[in-house]
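After the sequence you'll find the predicted model.
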Amino acid sequence: MELVALQGLNFVYISLTLALVALGLAVVFGLLGVMNMAHGEFVMLGAYSVLVVQNAGLPFLAALPLALAVCAAVGWLLEFFVIRHLYRRPFDTLLATWGLAILMREIVEAVFGRDYKSVNQSLPGTVEVLGAVYPAYRVVLMALMVAFFAGLFLWYRRSNTGARIKAMVSNPALATAVGVNTAVLARGAFIFGVCMAGLAGVALAPLVRVEPYMGIDYLLSSFFILVVGGLGSLAGLLVGSTVIGGSDAIVSAITSKTGGYMTVLIISILFLWLRPNGIVSRD
Amino acid sequence: MKRRTLLKTSTAAALLAMTFAGPVTSAFAADDPVKVGILIPQSGPGGLFGPSSKNSAELAVEEINAGGGILGRMVEPFYADVGGPPSDAIQAALKLWKGEKVEAFIGMHDSAVRGALDNLFKGQVPYIYTPVYEGGECADGVYVLGETPAQQLEPVIPWMAENKGASKWYLIGNDYSWPRDTNAAAKTYIEASGGTVVGEEYLPFTADNFDSNLAKIKDSGADAVLVTLVGGASVGFNRAFASFGLSDDVTRLGTLIEENTLAGIGAENSQNLFSSAGYFANIDTEPAKKFADAYKAKFGDDAPVLNSLGESVYDGLLLLKAIADKAGSLDVAAMDKAAEGVSYSGPRGEATLEQRHTTKDIYLAEANGADFTVVETFSKVGAGDNCQ
């Protein structure tokens, strides 16, 4: 029973963290069509923000404004100088952002070094949940993520901005004609997307390894999620994360980690082949 | 007459002395240095160890040259990046060997690259392989400095059983030859120490979530875990391990948890974590301290942290000098003949070549926050039988 509870919590945890990590890419790739290969590097910037805050002796939560500020600034620069010239040219965005990803890794390596960094657990210790011993920080993080996604879902559904984004995505020319400033809206969406990646980096930093190359892991799993879940909707993102994270967690628990990873690859390939629009398709 | 002879002789002697000791000597040696190829990862996953390896090599070259070089000739290092796939490593080594006319190689890289280099060199050029590895290298002209599983585990597992009550072992590693061979050796020693293996698992290099493994470890009732995950995987696993509270009751032993990995694991996740290796940055011996001080003096306080992989390149050059000086040549046949019983002394302590592997001291260290403290030294541990 305890083992079932533990595996169940793991299932929920991985699904939620994957959704958080992929959220930024879902916005940037799913809504704007920009294949942001530097997505993982924004997660890395978030994680290094926690490191900077920790080295300065400030509390963990101070990393949130720092990460958002850094990611927004870098995101604005990228959008203004590179991305906005490449909208609706997905392959070019892939090449450009891949180059930018390398640049970001090298800069971080030059400043902080190639070595692993350790971010302290701001909430160490464990708590008992349904008979299973679980890290306290994870339990709090899971609760926050549920609240965050619920809020985001409602906002996107009801707000004017959400409606304008939907208009821009489904018909940019018509949206411009009725007075939506798509240039500003797209820039805002891009910056929001990379800031969400930074936010995920802050949230995960105490749990994972922190080094200049950490972003690559997050990029791959995020693309898998979007392939399976489908582009352009929050529901697709959550469904994709649950399928990818869940199948990995379940198959790994029953067989081995290799089996879990293989399952994720097979599912992703099958979706690309048989259902390229994903489970929740926009059209 | 007598006085005249004396004058003449002393003038001649002085001239002769100048030829051998003065600035004239270095001019002579610089004309004909021993070119040594130093193959270290400067990119890829092993790139983390590039800077400390290169620094260690520079220090060794400087010290060997200050002491008269190898076979009386100065050493000139040539560096090549072998962090990529074996095919790239071969090209890099070939360039040094045929292009720069390098006369000996020091290699700090994975076993896939070593296998490819064995096939390239075919015993025509001496090659010192320095990092920890799975054992079994037996080719001509290859001299192995690194720790084998036999060395790292044979004395250590009984020690863990006796002092930490380790009896139910869970073995977890990345899925390639080094962890698998290490665990195969470990099983013998665990059984001999009266323990049992309660689980064994191999993870792909892509794994970055270890929750299912931790649930299995918990469920298995293991009281000790042998970790042969490498690099980032080891960091991620050990952090998650501690966050689930497992580190309070379960002892961890790693055979490749060096100073960089420990820094990533972090002080608050390192309780009950042990590591077994031939070198740690703070071994408490005179030669180790002398080396660490020289490293700090040359490269500064912010230099890449010392670790067993980086330092092995320093020892590799010392070993090359010891064999070549005894053989009186850099010819593989002569070196192979002279190799058995060659000994040298370095930061790791005294080491002796047996079957072209080093018999040496092995240190067991316990993580103390973000640093290692050596808790036991096992002296003169043999590398086991590597030519089967």
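Ah, there it is.

low-scoring stretches of the chain, by residue?
You didn't say which chain, so I picked chain A. Within chain A, the stretches with pLDDT under 70 are A:282-283.

nope, chain B please
Residues of chain B meeting the criterion pLDDT under 70: B:1-31.

Which parts of it are helices?
Secondary structure of chain B (DSSP state H): helices at B:2-21, B:23-31, B:50-66, B:86-94, B:111-121, B:149-153, B:156-164, B:177-192, B:211-220, B:232-243, B:259-265, B:286-299, B:308-327, B:332-339.

Any idea which of these gets closest to residue A:218?
Residue A:218 lies closest, by Cβ to Cβ, to one member of the helices of chain B: helix B:232-243, at 12.8 Å. (Glycine included, C-beta is placed from N, CA and C.)

Ends of stretch A:153-164, what's the gap?
End-to-end distance for stretch A:153-164, by Cα to Cα, to the nearest Å: 15 Å.

give the contact list for residue B:271.
The contact partners of residue B:271, by Cβ atoms under 8 Å, 6 or more residues apart in numbering or on different chains, come to B:242, B:247-248, B:367.

Now the closest residue to chain A within chain B: closest residue in space that isn't a chain neighbour?
Here chain B gets closest to chain A at one residue, residue B:264, 2.6 Å apart by Cβ to the nearest Cβ. Closest residue to residue B:264 apart from its sequence neighbours, by Cβ to Cβ, 6 or more residues apart in numbering or on different chains: residue A:116 at 2.6 Å.

Repeat that for residue B:372.
Nearest residue to residue B:372 in three dimensions, chain neighbours excluded: residue B:365, at 3.8 Å (Cβ to Cβ, 6+ apart).

quick one: that neighbour and residue B:278 touch, right?
No. Using Cβ atoms under 8 Å, residue B:365 is not in contact with residue B:278; the gap is 11.2 Å.

Around chain A, pick out the residues from chain B.
Contact residues (Cβ under 8 Å from any Cβ of the partner chain) of chain B with chain A: B:47-48, B:51, B:175, B:201-204, B:206-209, B:211-213, B:215-216, B:218-219, B:232, B:235-236, B:239-240, B:243-245, B:260-261, B:263-269, B:304-305, B:370.

Pull the contacting residues for the closest residue to residue B:117 other than its chain neighbours.
Of all residues not flanking residue B:117 in the chain, residue B:93 sits nearest, at 5.9 Å (Cβ to Cβ, 6+ apart). Going by Cβ under 8 Å, 6+ apart, residue B:93 touches B:37, B:39, B:80, B:82, B:105, B:117, B:120-121.

helix/strand/coil for the nearest residue to residue A:140 once chain neighbours are set aside?
Nearest non-adjacent residue to residue A:140, counting by Cβ to Cβ, 6+ apart: residue A:123, 6.2 Å away. Following DSSP: H, G, I helix; E, B strand; the rest coil, residue A:123 is assigned to coil.

Quickly find the element holding residue A:164.
helix A:160-170 (DSSP states H and E).

Identify each buried residue in that helix, please.
A:164-169 (16 or more other Cβ atoms under 10 Å in any protein chain shown).

Would you tell me what the next helix or strand after it is?
helix A:172-177.

Now do that following helix: which elements does it pack against?
On a contact count with 3 or more Cβ pairs under 8 Å, 6 or more residues apart in numbering or on different chains; DSSP states H and E, helix A:172-177 meets helix A:160-170, helix A:182-204.

ok so, going back, now that the residue nearest to residue A:140 has come up, it's in contact with residue A:134, right?
No. The pair residue A:123 / residue A:134 is not scored as a contact, 12.0 Å apart, by Cβ under 8 Å.

quick one on the thing from earlier: drop anything exposed from the contacts of residue B:93.
If you count burial by 16+ other Cβ under 10 Å, the buried members of the contacts of residue B:93 come out as B:37, B:39, B:80, B:82, B:105, B:117, B:120-121.

Would you mind giving the residues you listed as JSON lines with distance to residue B:341 added?
Shown next, in JSON lines, are the buried ones among the contacts of residue B:93 (distance: Cβ to Cβ, whole Å):
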{"residue": "B:37", "distance to residue B:341": "26"}
{"residue": "B:39", "distance to residue B:341": "27"}
{"residue": "B:80", "distance to residue B:341": "31"}
{"residue": "B:82", "distance to residue B:341": "30"}
{"residue": "B:105", "distance to residue B:341": "22"}
{"residue": "B:117", "distance to residue B:341": "25"}
{"residue": "B:120", "distance to residue B:341": "28"}
{"residue": "B:121", "distance to residue B:341": "23"}
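
what's near enough to touch residue A:54?
When contacts are counted by Cβ under 8 Å, 6+ apart, residue A:54 touches A:60, A:63, A:119-120.

How about chain A: which residue is closest to chain B?
Scanning chain A for the residue nearest chain B gives residue A:116, at 2.6 Å (criterion: Cβ to the nearest Cβ).
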